[in-house]
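Student: I'll drop the sequence and a predicted model, then ask my questions.
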Amino acid sequence: MDIPVGILGIGTYFPPQIETAADLVERTGIPEAVLREKMGIRQRHIAGDADSISVMASKAAQRAIEQAGIAPAEINVVVSHGSEHKDHVVWNAAGKIQHNVGAVNAYAFEMYALCAGAPITINAVKSMMQADPTLRYGLLAAASRENDLINYQNQRARFMFNFGAGAGALVLARGLNRNVILGASAFTDGSLSETVMLTTDMIGDGPAVLGDLRGRLDVRNAEYMGERLGQTSLPNFVRVIREAVEKSGATLADVKFLGLVHMKKSFFLEILDAVGLTSEQSVYLEDYGHIQSVDQALALQLGLEQGKIRPGDLIVLAGAGTGYTWSAVAVRWG
């Protein structure tokens, strides 16, 4: 029988600076009503100079550890699954996070699957903890400020205009019989692997160099990407959500809450409808924007705060990231 692994603590951090939809009108050339109602950007947080990936992730991690009620020294493994736009390139951000939070008895490494990273990392660390009895507590932390990498004059990058900044973290516990992590699923369409990349072609009016990086995110072969995602994104979301639930010994009809990455409102509602849920069984991140693989911890936290997740509920956290990967993980809450 598998040893249960559950979620013991949740933490988030968001920089204090906020940009509203009105603030983006001049830069994007998009009317405020479209930004708010179609793209789902009411406001988002913007990182300051001191809000590096490791700093934000460490602040979220400290809050998750406090909620878990454990000492940092009890943590056995630290995994960073946040942005590659981090303090330094070719660098293990997890080690810095481990040091910042005082997890002196842990080892630390990174996992990276862009905006699909959280469900994949949760499942991977769960499996590690089940296989190794010395891994009693695991810390998963992610942060993103990829909004820095967007040229708002580049209409090919329009679907990334919702990027915001912030961090999220989870503490997992081996042998915990509540908030138990169940089945998971992921799927990659590698034909889209080179459609979104950091390039120097669309730097625009901003600084050419950002920390150790040079360039901006751009879409190559936008026509193919739009056509392919139009055909496959909804079925692939439904596929990974359904497979995660079925691996948990349940059906879609048993799901009570779905935590999704931020996306345009119409597609968000389309996914919910496709799996038999309503907007009252999810949270829409219009006050935060899309914060890469932070979105799932944020959705979980907001769902609990808003009373949308109750003891005994089967919930699913799902995401999709350029590459292009879809992922989902099921949790029995309470």
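Tutor: Thanks, I have it.
Student: and the one helix or strand residue 11 maps to, what does it pack onto?
Tutor: Using DSSP states H and E, residue 11 sits in strand 5-13. With contacts defined as 3 or more CB pairs under 8 Å, 6 or more residues apart in numbering; DSSP states H and E, strand 5-13 has these neighbours: helix 53-68, helix 117-131, strand 166-174, strand 180-188, helix 295-305. Any C-beta I mention is one placed from the backbone N, CA and C, and that applies to glycine too.
Student: what's the closest of those to residue 250?
Tutor: Closest to residue 250 of those, according to CB to CB: strand 180-188, at 8.1 Å.
Student: so the closest one versus strand 5-13, what angle?
Tutor: Per axes from the mean of the first three to the mean of the last three CA atoms, to 10 degrees, the angle that strand 180-188 makes with strand 5-13 is 70 degrees.
Student: what's the first helix or strand after strand 180-188?
Tutor: Going down the chain from strand 180-188, the next helix or strand is strand 196-199, by DSSP H and E.
Student: apart from its neighbours in sequence, what residue is nearest residue 232?
Tutor: residue 189 (6.3 Å; CB to CB, 6 or more residues apart in numbering).
Student: might one say that residue 276 is in contact with residue 252?
Tutor: Yes. With contacts defined as CB atoms under 8 Å, residue 276 counts as touching residue 252 at a distance of 5.5 Å.
Student: got a list of what the residue lying closest to residue 299 once chain neighbours are set aside touches?
Tutor: Excluding the flanking residues, the one nearest residue 299 by CB to CB, 6+ apart is residue 259, at 3.1 Å. Residues near residue 259 by CB atoms under 8 Å, 6 or more residues apart in numbering: 282-283, 295-296, 299-300, 303, 315-318.
Student: TSV please, covering these and showing pLDDT, neighbour count and distance to residue 231.
Tutor: Shown next, in TSV, are the contacts of residue 259 (pLDDT from 0 to 100; neighbours: other CB atoms under 10 Å; distance: CB to CB, whole Å):
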residue	pLDDT	neighbour count	distance to residue 231
282	98	22	24
283	98	26	28
295	98	29	24
296	98	28	25
299	98	29	26
300	98	25	30
303	98	23	30
315	98	26	28
316	98	31	23
317	98	27	25
318	98	28	19
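Student: greatest separation within the residues you listed: which pair is it?
Tutor: Greatest spatial distance among the contacts of residue 259 (CB to CB): 295 and 315, at 14.2 Å.
Student: give me the neighbour count for residue 66.
Tutor: Other residues near residue 66 come to 13 when the count uses other CB atoms under 10 Å.
Student: pretty sure it sits against residue 8.
Tutor: No. Assessed by CB under 8 Å, residue 66 is found out of contact with residue 8, at 11.2 Å.
Student: nothing else from me, thank you.
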